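>>> Sequence and predicted structure below; questions after.
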Amino acid sequence: MTFQFINPESLGAPHGYSNGTLADAGGRLLFVAGQIAWNQQQSLVSSDFAAQFDQALANVMAVVAAAGGTAENVARLVIYVTNKNEYNGRLREVGERYRARMGKHFPAMALVEVKSLLDDAAKVEIEAIAVLPA
């Protein structure tokens, strides 16, 4: 399985994401539902933004792993936050948590600020698309 990251010069250099991801057509698509920072008991692990980001990403990667994939198979992430200023203010910590789970793999990503999430105390929700080997 190979990905080709598409970053046209006309868009400038992306930082921490790719503008597009072209996947080999020989794989299987995995659509990961939005994951918040719930633990196995479906309770939020923390009220801390970075901790919630970390757990939500861990939950996404648990689904990817259960389907036989790794971080390198993730083609797209959509990150929903209830406060983009909190996200930007914690970007260093979020980046550290991201790299601990994803390494230096930066798929196509979007960040969307929303009014609220499934759990009223949730601050982050992450969904993904992965391309797994056939």
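All right, it came through fine. Note that the structure is a prediction, hence the values are computed from the model and not measured.
>>> buried set for stretch 99-117?
102, 105, 106, 107, 108, 109, 117 (16 or more other CB atoms under 10 Å). Every C-beta, even on glycine, is put in place using the N, C-alpha and C of the backbone.
>>> give me the low-pLDDT residue ranges for this structure?
For the chain, applying pLDDT under 70 flags the ranges 1, 25.
>>> returning to what we had before: and the buried residues of stretch 99-117 as JSON lines, adding secondary structure and distance to residue 59?
Formatted as JSON lines, these follow (DSSP: H, G, I helix; E, B strand; the rest coil; distance: CB to CB, whole Å):
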{"residue": "102", "secondary structure": "helix", "distance to residue 59": "13"}
{"residue": "105", "secondary structure": "coil", "distance to residue 59": "17"}
{"residue": "106", "secondary structure": "coil", "distance to residue 59": "20"}
{"residue": "107", "secondary structure": "coil", "distance to residue 59": "17"}
{"residue": "108", "secondary structure": "strand", "distance to residue 59": "20"}
{"residue": "109", "secondary structure": "strand", "distance to residue 59": "17"}
{"residue": "117", "secondary structure": "coil", "distance to residue 59": "13"}
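>>> if we take those, which one ends up nearest to residue 85?
Minimum distance to residue 85 across the buried residues of stretch 99-117 is 16.5 Å, recorded for residue 117 (CB to CB).
>>> That closest one contacts residue 38, doesn't it?
No - look at residue 117 against residue 38 with CB atoms under 8 Å: they stay out of range, at 10.8 Å.
>>> what do these two both touch?
With CB atoms under 8 Å, 6 or more residues apart in numbering applied, the contact sets of residue 117 and residue 38 do not overlap.
>>> which one among the buried residues of stretch 99-117 gets closest to residue 17?
So of the buried residues of stretch 99-117, ranked by how close each gets to residue 17 (CB to CB), first place is residue 109, at 3.9 Å.
>>> Greatest separation within the buried residues of stretch 99-117: which pair is it?
Of all the pairs that those form, the one spanning the most space (CB to CB) is 105 and 117, at 25.0 Å.
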